[in-house]
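Q: Predicted model and sequence follow; I will ask about them next.
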Amino acid sequence: MFQSIERRPPDPILGLSAAYKNDTNPKKVDLGVGVYKDEAGNCPVMTAVKKAEAQLLEIEDSKSYIAQAGPDLFLRHTLGLLFGEQHEVVRDKRTSVVLAPGGSGALRVAAEFITRSAPGTRVLVSDPTWNNHMPLLGSAGLKVETYPYYDYAKHSIRFDEMMSRIGEAKKGDLVLIHGCCHNPCGADLNHEQWEAVAEAALRQGFTPFIDLAYQGLGDGLEADVYGLRLLASRLPELVVASSYSKNFGVYRERTGAVSIIAQTTQAAEAVQSQVVSTAREMYSVPPTHGATLVGMILEDAALRTEWDAELTVMRDRINGLRSQLVARLKERGVAHDFSFIQQEKGMFSFLGLSPEQVKRLISEFSIYLVGSSRINVAGINQSNLDYLVDAIAAVL
């Protein structure tokens, strides 16, 4: 059965991690893998998470299966974080929410549910987008196409071209939009652009599909969901895949959610039952540890305050590193204008280097980043910043 199986090439980002690990250069820098890193280069466990885990250790009295939809506290607070406790779609009970194994699992569960409900559904995704969007959505049966998004030369959003392409979307189509902190380019829609998307969706009838993986790491917990809440207020239907991997640092606990807004309470209840059934057929029962911790933290005022403060430190550090990198490159006398990095949001940005220059950064300086020149800004710290600046200057 398996004699003729061909070996697949390694994942480009995971392959970078392996190469970085085996590199003996003491100055090596990892800007590839998309996890938050602190000043010491570690992906830390947040203090609020550790405190919640200590409490859970004392009170948890069973490891039995949980309800298929997920823990009640997690589900309620997910809606609160996304839409706000008093948002009309929450108040009117028009939103279903189901725990999923991470943001990736949320995307896949949503795609499977939509494919089963409406076979042949088309989804438009940004060019560029997270490299796992295509296989996650496409292999579930959605017909994946793209719309223009990022101008690599001008380091800005190709908004007119984006809207022209989205203008071809119609009722029954999905348009996937990064809610904030676009991965991989870091260029986010402004308020006016979100307004234009909402108007187009109302006019043409397509359904926005929001991927929200970085809430709180751009401008703040509330600011980062401006577009999401605007669409929720204006449109009859909306699909959201959200993740807690980054803003709670529970990557390996695989904690995410599928939230779907329907036109009525009755429709939302029907959607909830079908999403739960879809998930049941895929993996039976979801993991609960991360979701339980998230629910505990958001329910406890002291833990929530501590978590919010830690998240603020992470966000401020990333934004500060963006400013420092731009300033140091300018001080170094680099003629190339990198000011766009300071304007972008979240963990990622393109440096705008050629594939050959990227290869030189890796081979000559042991600075690891993907071939598109996308970097994880959180991989920069005070001990490697000047080395990185000198290396960029050298390859330019």
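A: Cool, the structure landed. Residues are numbered from 1 along each chain as shown.
Q: Give me the distance between Ile53 and His77.
A: One correction, residue 53 is Glu, not Ile. As judged by C-beta to C-beta, to the nearest Å, Glu53 and His77 stand 17 Å apart. For the C-beta atoms, the positions are set from N, CA and C on the backbone; glycine is no exception.
Q: and Tyr244, what is it in contact with?
A: When contacts are counted by C-beta atoms under 8 Å, 6 or more residues apart in numbering, Tyr244 touches Val250, Thr255, Gly256, Gly290, Ala291, Val294.
Q: Then Ala291?
A: Per C-beta under 8 Å, 6+ apart, neighbours of Ala291: Gly70, Pro71, Phe74, Leu99, Tyr244, Thr255.
Q: partners of the last one in the sheet?
A: Note on Thr255: beta-bridge partners by DSSP bridges are Pro101.
Q: what is the mean pLDDT for stretch 253-264?
A: The average pLDDT within stretch 253-264 is 98.
Q: and Lys345, what element?
A: Here Lys345 sits in a region with no helix or strand, counting by DSSP states H and E.
Q: Per-residue confidence, the closest residue to it other than its chain neighbours, what does it come out as?
A: Among residues not flanking Lys345 along the chain, Gly218 sits closest, at 3.9 Å (C-beta to C-beta, 6 or more residues apart in numbering). Per-residue confidence at Gly218 stands at 98 (pLDDT).
Q: Repeat that for Val197.
A: Reading off the model, Val197 has pLDDT 98.
Q: Distance check, it against Leu230.
A: If you go by C-beta to C-beta, the gap between Val197 and Leu230 works out to 9 Å.
Q: Counting neighbours around each, name which of the two comes out higher.
A: Val197 (23 against 15; other C-beta atoms under 10 Å).
Q: Quick one: the contacts of Tyr244 as TSV, columns for distance to Arg322 too.
A: Listed next are these as TSV, based on distance: C-beta to C-beta, whole Å:
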residue	distance to Arg322
Val250	25
Thr255	27
Gly256	26
Gly290	29
Ala291	32
Val294	27
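Q: before we move on, the earlier item: correct me if wrong: the residue nearest to Lys345 contacts Cys180.
A: Yes. Gly218 lies in contact with Cys180 (C-beta atoms under 8 Å); the separation is 4.4 Å.
Q: shared neighbours, the two?
A: Counting by C-beta under 8 Å, 6+ apart, the contacts common to Gly218 and Cys180 are Asp188, Asp224, Lys345, Gly346.
Q: Pull whichever helix or strand Ser273 is part of out as PDB, backbone CA atoms only.
A: Element membership for Ser273, per DSSP H and E: helix 265-283. Provided in PDB are the C-alpha atoms of helix 265-283 (Å, rounded to 0.1, in the frame of the first residue of the first chain):
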ATOM      1  CA  THR A 265     -32.300  33.700  16.400                       C
ATOM      2  CA  GLN A 266     -33.900  30.700  14.900                       C
ATOM      3  CA  ALA A 267     -31.400  30.600  12.000                       C
ATOM      4  CA  ALA A 268     -28.500  31.000  14.500                       C
ATOM      5  CA  GLU A 269     -29.800  28.000  16.500                       C
ATOM      6  CA  ALA A 270     -30.000  25.900  13.300                       C
ATOM      7  CA  VAL A 271     -26.500  27.000  12.300                       C
ATOM      8  CA  GLN A 272     -25.200  26.100  15.800                       C
ATOM      9  CA  SER A 273     -26.600  22.600  15.500                       C
ATOM     10  CA  GLN A 274     -25.100  22.100  12.100                       C
ATOM     11  CA  VAL A 275     -21.600  23.400  13.000                       C
ATOM     12  CA  VAL A 276     -21.600  21.100  16.000                       C
ATOM     13  CA  SER A 277     -22.600  18.200  13.800                       C
ATOM     14  CA  THR A 278     -19.800  19.100  11.300                       C
ATOM     15  CA  ALA A 279     -17.200  19.200  14.100                       C
ATOM     16  CA  ARG A 280     -18.500  15.900  15.500                       C
ATOM     17  CA  GLU A 281     -17.900  14.200  12.200                       C
ATOM     18  CA  MET A 282     -14.400  15.600  11.900                       C
ATOM     19  CA  TYR A 283     -12.900  15.000  15.400                       C
END
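Q: immediately after that helix, which helix or strand?
A: helix 289-299.
Q: Quick one: name whatever helix or strand follows that following helix.
A: helix 301-331.
Q: Tell me how many other residues crowd Ser126.
A: 25.
Q: can you confirm it is in a helix?
A: No. Applying DSSP: H, G, I helix; E, B strand; the rest coil, one finds Ser126 to be strand, outside a helix.
Q: on that earlier part again, in strands, which of the contacts of Ala291 appear?
A: Judged by DSSP state E, the subset of these located in strands is Leu99, Thr255.
Q: Let me have the contacts of Ala291 in TSV, adding distance to Gly371 as columns.
A: Compiled in TSV, the contacts of Ala291 are given as follows (distance: C-beta to C-beta, whole Å):
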residue	distance to Gly371
Gly70	38
Pro71	41
Phe74	38
Leu99	35
Tyr244	29
Thr255	30
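Q: Determine which two of the contacts of Ala291 are furthest apart.
A: Pro71 and Tyr244 (12.6 Å; C-beta to C-beta).
Q: Tell me the pLDDT of the residue nearest the centre of the chain.
A: By C-alpha atoms, centre = their mean, the chain has its centre lying nearest to Ala213, at 2.5 Å. We have a pLDDT of 98 for Ala213.
Q: That one reaches Cys181, doesn't it?
A: Yes. In this structure, Ala213 is within contact of Cys181 by C-beta under 8 Å, at 7.4 Å.
Q: ok, how many other residues are close to the residue lying closest to Asp390 once chain neighbours are set aside?
A: Take Asp390 and drop its neighbours on the chain: the residue closest to it by C-beta to C-beta, 6+ apart is Arg332, 7.1 Å away. The local packing of Arg332 (other C-beta under 10 Å) involves 12 other residues.
Q: and Arg332, what does it touch?
A: Shown in contact with Arg332 (C-beta under 8 Å, 6+ apart): Val389, Asp390, Ala393.
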